[in-house]
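S.K.: Fold the following and give me the result.
(2 chains)
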Amino acid sequence: MTVAANPIGQAVVWINDPLNWTNPGGLLDRLGEHLTISALAVALGCLVAWPLGLWLGHTGRGGGLVVLVSNATLAIPTLALLTILPVVFSSGFGRTPVVVALAVFAVPPLLANAYTGVRQADAEARDAARGMGLSGGQLLRRVELPLAVPYLAAGFRTAAVQVIATAALASFVNGGGLGEIIRTGFGLGIAGGGGQIVAGGVLVAGLALLAEVVLGGVERLVTPRPLRRGRQRTGQPRPADATGRA
Amino acid sequence: MSFRLSYRADPGNPWFSWQYVRDNSDTILAAVREHASLTGRAVLIAVLIALPLSVLAYWVRPLAGPILAVSGVVYTIPSLALFAFIAPYLGTGTTTVLVGLVLYALLLIVRNVVAGLNQVPPEVGEAAEGMGYGRWGRLFRIDLPLAVPGILTGLRLATVSTVALVTVGVLVGHGGLGQLIFAGFQNNLYKAEIMTGSVLCVALAVVLDLLLVLVARLVTPWTTRRVR
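M.R.: Purely as a prediction, here's the structure:
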């Protein structure tokens, strides 16, 4: 079994070499790829999941579908989807298959939170709006949607962090992103590439944690003050937590 | 003539092939065995660590926040990064995969067990104390049995997501069925190999989940009667 001599020291050396940042296929290139792929995937996920979730929540139907989608994606390995989609698209290895594969993993938290967000809207507020003569569409737009915003933000945070984490696996199918740094390190062998492996790991993990913190702040900002306390959970998993790790 | 056939699937590379399964049954079986054994060991170790941690969080309230927060941070770290941290120290063996899997399964189990323990009604706890149960007696006779639904939910979530996560072990050459998927990818997109690996992976998750549902039915017969 090969074990690196001093991985952390090597990682510090590797990360401090400016060439590792600016080379073609270096850190900056990979970071750009990672962010582009992730942003496209989350945008695609929102485009599909939010309208569907809001509509399902508005009509009050399809709760079973939401649970089914979450459970099904939990069981599908990321690697399988990342490998199968390029074959299905058969358009070679552009970015599209990778983006679509990642978007699939963004859908469950977005869908579940959009659905729950509309469902939890106060029934009395809904009745009052109906009494004021609002139509179904107006009710959704003016009452249910604003009340669902904190949930949409929570779903967005979960989905974005999930996608950024999963995007690291795109490197298995040569899809680019920061995962490539780790993969290249493993290609060099543990003894020689240990520093690069750890450095890549730090960057991937740092990006995910940064996204979690920043989007958590955004979530707080868009949540009206009176609602902030009530959503503090004590070990109670929210629907969004039922997403697999990638 | 050729343009008429062009939309058809490439006959040399079908989505599924018995020929492939027959010729490679040894490799496939070995992959399934590795996958199942990694999943089983990871979930078992995670439960053994998670139960005492959850009880600690339940008894010592001030520790509940930190325990859940730390496991939450670990859960946010992408698996590829986690394996990258572990591999330089533990080498490219199954141990690396196992440690990573345990860390992820831990959070799911701890969170659900703590939720299950917190759901025990305070009146029940008081009644138990009034009947003279000590701290440990109450834990084993009252709290844990009542938390069984929470424990089983955590176990199911952890098992299903672990099965999916094992495939990332490809990075260090021990990905179970992930090895098949990845080999198929490298093998000029050999669809039959990719598909066999993927389908078996999902099937393994479904089978293990159904097994746990069955166990849940047997262990907690009262929950099935109460539903709806």
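
S.K.: since we're on residue B:187, how many residues are nearby?
M.R.: Neighbours of residue B:187 under the rule other Cβ atoms under 10 Å in any protein chain shown: 12. Every C-beta, even on glycine, is put in place using the N, C-alpha and C of the backbone.

S.K.: Roughly how far does it sit from chain A?
M.R.: Distance check for residue B:187 against chain A: by Cβ to the nearest Cβ, to the nearest Å, it reads 11 Å.

S.K.: what does residue B:91 give?
M.R.: 4 Å.

S.K.: So which residues of the chain form helices?
M.R.: Chain wasn't specified; assuming chain A. Applying DSSP state H to chain A gives helices spanning A:7-15, A:18-22, A:27-59, A:63-75, A:78-89, A:96-119, A:123-131, A:136-139, A:145-167, A:179-187, A:190-222, A:225-230.

S.K.: Chain B, not that one
M.R.: Under DSSP H, chain B gives helices at B:2-5, B:18-23, B:25-59, B:61-76, B:79-90, B:94-118, B:122-130, B:135-138, B:144-146, B:148-166, B:177-186, B:191-219, B:221-226.

S.K.: Ok, which of these comes nearest residue A:186?
M.R.: Closest of these to residue A:186 is helix B:79-90, at 7.5 Å (criterion: Cβ to Cβ).

S.K.: Centre of the chain to that closest one, how far?
M.R.: Computed by Cα atoms, centre = their mean, to the nearest Å, the chain-centroid distance of helix B:79-90 equals 19 Å.

S.K.: List the neighbours of that helix that are in contact with it.
M.R.: A:3-4, A:7, A:165, A:168-169, A:171, A:179, A:182, A:185-186, A:190, A:194, A:197-198, A:200-202, A:204-205, A:208, A:245-246, B:74, B:96-97, B:99-100, B:103-104, B:165, B:168-169, B:171-172 (Cβ atoms under 8 Å, 6 or more residues apart in numbering or on different chains).

S.K.: count of neighbours near residue B:221?
M.R.: By other Cβ under 10 Å, 9 other residues sit near residue B:221.

S.K.: wait, doesn't residue B:220 sit right on residue B:150?
M.R.: No. Under the criterion of Cβ atoms under 8 Å, residue B:220 makes no contact with residue B:150, lying 10.6 Å away.

S.K.: Quick check on residue B:17: phi, psi?
M.R.: Here is the backbone geometry of residue B:17 (degrees, to the nearest 10): phi -150, psi 120.

S.K.: do you know how far the residue nearest to it when sequence neighbours are not counted is from chain A?
M.R.: With sequence-adjacent residues excluded and distances taken as Cβ to Cβ, 6 or more residues apart in numbering or on different chains, residue B:17 is closest to residue B:192, at 4.1 Å. Distance of residue B:192 to chain A, given as Cβ to the nearest Cβ: 11 Å.

S.K.: ok, now residue B:135?
M.R.: Going from residue B:135 to chain A by Cβ to the nearest Cβ gives 20 Å.

S.K.: so what's that residue closest to, chain neighbours aside?
M.R.: Closest residue in space to residue B:135, ignoring its immediate chain neighbours: residue B:59 at 7.7 Å, by Cβ to Cβ, 6+ apart.

S.K.: try residue A:49
M.R.: Per Cβ to Cβ, 6+ apart, closest to residue A:49 is residue A:110, 3.7 Å.

S.K.: ditto for residue B:34
M.R.: In space, residue B:34 is closest to residue B:176, 4.5 Å off (Cβ to Cβ, 6+ apart).

S.K.: quick one, what contacts the one you found?
M.R.: Contacts of residue B:176 (Cβ under 8 Å, 6+ apart): B:31, B:32, B:34, B:35, B:36, B:38, B:166, B:167, B:169, B:201.

S.K.: hmm, which two among the residues you listed are most spread apart?
M.R.: Across the contacts of residue B:176 (Cβ to Cβ), the longest gap, 14.1 Å, separates B:32 and B:169.

S.K.: Neighbour count: these two, which is higher?
M.R.: residue B:169 (26 against 18).

S.K.: So that one versus chain A, what's the distance?
M.R.: Taking Cβ to the nearest Cβ, one finds residue B:169 at 10 Å from chain A.
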